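# Quick one, what's the 3D model for this:
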Amino acid sequence: MEIYSLPYSAINMWSSENAGTLDLNAEIELWTRAGHIKINVGKHIDVRRLDLLIANAVLRSS
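Residues are numbered from 1 along each chain as shown. Down below sits the predicted model:
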């Protein structure tokens, strides 16, 4: 397991994808000044709540 620390202020853009019937994992993608980061999260994670958390933090810090 790897753990990274990234300040919300470094996120330029992000996207999220729900787990589907064929694709069992949800994904979060972040585009930052450091590069592109793709995070696979388990299907039991509420990716929409995670997306909302990122949106609130990133858009409020602008």
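
# For the protein, give me the ranges with low pLDDT.
Residues of the chain meeting the criterion pLDDT under 70: 20-23, 61-62.

# can I assume Val58 is in contact with Ile11?
Yes. With contact defined as CB atoms under 8 Å, Val58 and Ile11 form a contacting pair (5.1 Å). For the C-beta atoms, the positions are set from N, CA and C on the backbone; glycine is no exception.

# Check the protein and tell me which residue is nearest its centre.
Per CA atoms, centre = their mean, the C-alpha nearest to the average position across the chain is that of Ile28, at 3.3 Å.

# and after the helix or strand hosting Ser16, which helix or strand comes next?
Here Ser16 sits within strand 11-17, counting by DSSP states H and E. Downstream of strand 11-17, the next assigned helix or strand under DSSP H and E is strand 26-32.

# Please spell out which residues along that next one are buried.
Ala26, Ile28, Leu30 (16 or more other CB atoms under 10 Å).

# other SSEs contacting it?
For strand 26-32, the elements it packs on are strand 11-17, strand 35-41, helix 47-60, judged by 3 or more CB pairs under 8 Å, 6 or more residues apart in numbering; DSSP states H and E.
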